[in-house]
Every structure is written in C-alpha cells, then in structure tokens.
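> all I have is the shape, not the residue letters:
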C-alpha cells in the first residue's frame, strides 16, 4: 500500500515522496537481488523519478532517470553525503576507502591519491600489464563451454596483486584463493538481510573476510614503506599531495583493500560481458580483432590502446548494458528536495545509473547490443549529461576509471590475438545481484585457439 515518506514543510511547494515498504523484514531486498531493472521499472511506472522503499533494514528513496541522478550526484546544495550511504552497506568491510569519505577528508585523500593515477603512472602500469596478462592466459585451456567469468576473475586478481601490490611474495595459491574469497564475502555482505554477526550469515563472513584482508596487507606494508617502486601499494606509501600530506599506515591499508576490490571485481564483469556479446556478434569481434592485429604488437602501449576504436565502443556499450555498479548510495544530511519531492534529513538514497542506461527515452532499442550508438555520428550517450554514468558523477566520480579502461582493453587485445570464440545467440547471462552483478553459470563460451 502506498504511503508518503514524510510530509513536506507547510510553507513549501514541495510534494511528498510516495512509496511502500514491501515485505515484512526483507522489504524489497529480494526483488532487487533477483532483478533490479524490473524492480526499478515497476517503481518508475507507479511513482516516477523518486519513491521510497525498504531495503537493508532502512527506508531508501530510489532515484531514477538522468535528471534526478544528476541532481543527487552533483549535490550542489551539499545535502547528500557519500560516506553515510555506503557505510550502511559496506562500511564494516571497506571503511576508509575513498568512496566512503566525504568533505575535507575526501578532498585530502583524493588530492594525495590523484598522484597515483597520473598519465605517466598509467603508462607505466600498462607496460607492466602486458606480461602479467600474457602469463595468465597461458593457463587457459580452449574448449567448448569454457567458463570465462571465474577465469577472468582469477586473471584480474593476479593483475591486481602484481600491478597494485608489486606481487604477493611468499603467498601460496591457497592464500591467494582465500584473499579472493574474502573480497567476495565482503562485497556480498552489503545486501545481507541479517546484519548481525551470527553463524552462517553473509554479514559474519564479510567481517571475517575483512580481518583476513587487513592481515594480508599489513604483512607486506613494511616492505612497501622501505622501498619506492612503481606498484600502487608502494606509491600510496610514498606519494605526497602538493602540500606535503601523506597517508598513514592505516590509510594505506584501507585504500588498498578498497581499490583491489573495486579494480578486479568491476573489470571482471565488464570483460565477461564483452566476451559474451562479442561471441554473439561475430561481426564486432572481427572489427575489434582487425584493429588489434593492425597494431602489430602483443605489448600495446597506452597510446596504442587509444587506437582500438571498435573495442572502445564495445566496452562502453557493455558498461551500459551491465553496469558493474548498478546503484550508488547517498544519505541526506539536511532537509532537501529531489525533482520537487521533499526528502527529510537522514534519508538514504539509492541512485540507479543502471536503470538510466536502459531507458528507451534516451536509448533507442535499449536492450539491443549496438556499440555504434557511441560513435561520433550518433553520440547517443550525449543526449543527456547523465545518460551514461557507469563511473558515477560529481566529486566522487571513479578515480580509477582510466586505469580500468586501459586494463580492460589490454586484456581484450590479448584475447583477440589468441582466441576466437562464440556464444549461443539466445544465451542470456543469469546475473546475480547479491552484490556486484556476476553470471551464476560462470558464463560459458566456446573458446578456440587461433
């Protein structure tokens, strides 16, 4: 039954936010996990851009459509904070990460961290990426029904530990597997219905996973403090802002845990999605491969990656079709409004770029794979500033977006030179949204050596 969230001030012209709580205890959580697009579509049809629902034990407003998303993410009246929204979901597991900071603290950390993502450092990272990718792909076995998602996840974790950490010397395969499982546990805890440390719950597994990750990075911290190298771990230990500010040990560990999670989880789902659609659309696979072959190298530089135009279009389209971060969280710290609706202080907000990416009002035939929509003669992503927003917006826009693009294109370049693959035209990935989206079946492809 529809009810209002809160009555607007009597002297305002604002409307109340309408909505409903959903099922007792769980609210709309299970609906979101099953199919967030369907949930948001129903709310758009019933309530419009802004409505409220219950998830994770709290009332949230859902913010749908590019106008509403832009208003919250740009946050011109400074009514919404990033930290409180994300902290409710993942705070116990990723506290101290850049995404969970606000105001002056966020500005200080971002100014320091920007020194780790300069064009010069990105160029060096790409040079280091190539041998790691090549070695990782050596372990793949071409076959029909090859499960590409877990293979890519293993590869991106190898890349993260190599490029971000400078390696994990002394760690066994079993320890690295435990690290991967710990990242998964921390991310999946975000949508826990039971948010207490009880046996058998995702929440408890997440808390235990955080302890494992913390101990892992602290083990390597002294060595990274002692020697300045090009890996991100060492860079975070030594970089300074233009005013001489540096990260403490605790801050370095917090940032490494968050960055490694963000780097390998989001890149994995985008790569997996790209392999699916390129397998279903061989004409685009051929276009991408032709451009990679023309580079005439198995170790492309950052500048050469910029020449892979078709691959860039495919990557953008796959980021639209399957947003690695379907929603971003905020919380109102003062009474405010979103698109003329009264939002009282303390309200959590779920901003949904994933829904915007599938709106027929902005994307013709939105469920179709059509990379050409991003080409210069169409520019469908430019019809609204926030029509395409896979990396968020405002001051919290993803600081690693250019590294992510370079990593994805490097891996795909190597895959295109080594393999042909196909995917059944009728295949639909069974995406699980318990945390960040992933295909529950491992996303099988028919993989063949070239």
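Right, received. Where do you want to start? All figures in this text were calculated on a predicted structure; none of them were measured in a lab.
> how far does the longest helix seen in the chain sit from the chain's center?
Identified as the longest helix of the chain according to DSSP state H is helix 249-280. On the basis of Cα atoms, centre = their mean, to the nearest Å, helix 249-280 is displaced by 7 Å from the centre of the chain it belongs to.
> what of stretch 226-237?
That offset, for stretch 226-237, works out to 24 Å (Cα atoms, centre = their mean).
> could you do stretch 329-344 as well?
On Cα atoms, centre = their mean, the centre of stretch 329-344 falls 24 Å from the chain's centre.
> how about residues contacting that stretch?
For stretch 329-344, the external contacting residues (Cβ atoms under 8 Å, 6 or more residues apart in numbering) are 5-9, 12-17, 49-50, 61, 63, 67-68, 71-72, 75, 77, 79-82, 84-86, 88-89, 345-351. Every C-beta, even on glycine, is put in place using the N, C-alpha and C of the backbone.
> out of the residues you listed, which sit inside strands?
15-16, 50, 61, 63, 80-81, 348-351 (DSSP state E).
> among the contacts of stretch 329-344, name the buried ones.
Buried members of the contacts of stretch 329-344, scored by 16 or more other Cβ atoms under 10 Å, are 5-6, 8, 14, 17, 49-50, 61, 63, 68, 71-72, 75, 79-82, 84-86, 88-89, 347-351.
> please, where are all the strands along the stretch 201-350 of the chain?
328-332, 336-338, 341-343, 348-351 (DSSP state E, counting those that start in this stretch).
> could you dump those to JSON lines with distance to residue 391 and mean pLDDT?
Output for the strands of the stretch 201-350 of the chain, formatted as JSON lines (distance: least, Cβ to Cβ, whole Å; pLDDT from 0 to 100):
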{"stretch": "strand 328-332", "distance to residue 391": "10", "mean pLDDT": "92"}
{"stretch": "strand 336-338", "distance to residue 391": "21", "mean pLDDT": "97"}
{"stretch": "strand 341-343", "distance to residue 391": "24", "mean pLDDT": "97"}
{"stretch": "strand 348-351", "distance to residue 391": "13", "mean pLDDT": "94"}
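> out of those strands, which is closest to residue 163?
strand 328-332 (25.5 Å; Cβ to Cβ).
> and residue 447, which of the three is it?
strand (DSSP: H, G, I helix; E, B strand; the rest coil).
> do the same with residue 133
Per three-state DSSP, the secondary structure class of residue 133 is helix.
> how about it: what's its closest non-neighbour residue?
Once flanking residues are discounted, residue 133 sits nearest to residue 414: 4.9 Å by Cβ to Cβ, 6 or more residues apart in numbering.
> dump the residue contacts of residue 69.
By Cβ under 8 Å, 6+ apart, the neighbours of residue 69 are 63, 351-353, 356, 386, 389, 393.
> which one of those residues is nearest residue 310?
Of the contacts of residue 69, the one sitting nearest to residue 310 (Cβ to Cβ) turns out to be residue 389, at 22.6 Å.
> related to what we said a few turns ago, turn the ones in strands among the contacts of stretch 329-344 into TSV, including distance to residue 379.
Output for the ones in strands among the contacts of stretch 329-344, formatted as TSV (distance: Cβ to Cβ, whole Å):
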residue	distance to residue 379
15	34
16	38
50	28
61	31
63	25
80	29
81	33
348	34
349	29
350	28
351	24
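> hmm, which two among the residues you listed are most spread apart?
15 and 81 (23.7 Å).
> ok, the closest residue to residue 419 other than its chain neighbours - how many residues close by?
Spatial nearest neighbour of residue 419, excluding adjacent residues (Cβ to Cβ, 6+ apart): residue 447 at 5.5 Å. Neighbour count for residue 447, taken as other Cβ atoms under 10 Å: 23.
> equivalent analysis for residue 246, please.
13.
> buried stuff in stretch 126-136?
Of all the residues in stretch 126-136, those buried under the rule 16+ other Cβ under 10 Å are 126, 128-130, 132-133, 136.
> for stretch 228-247, same thing?
Going by neighbour count (16+ other Cβ under 10 Å), the buried part of stretch 228-247 is 231-239, 241, 247.
> and what of stretch 142-154?
For stretch 142-154, by 16+ other Cβ under 10 Å, it's 146-149, 151-154.
> the spatially closest residue to residue 312 that is not a sequence neighbour and residue 415: what is the separation?
Counting by Cβ to Cβ, 6+ apart, the nearest residue to residue 312 once its immediate chain neighbours are dropped is residue 409, at 7.1 Å. Noted for residue 409: a distance of 11 Å to residue 415, by Cβ to Cβ, to the nearest Å.
> how about residue 443?
Going from residue 443 to residue 415 by Cβ to Cβ gives 14 Å.
> helices and strands around the helix or strand where the residue nearest to residue 312 lies, which ones?
Per DSSP states H and E: residue 409 is located in helix 401-418. The contact analysis (3 or more Cβ pairs under 8 Å, 6 or more residues apart in numbering; DSSP states H and E) places helix 401-418 against helix 119-137, helix 148-159, helix 249-280, helix 282-295, helix 302-305, helix 309-321.
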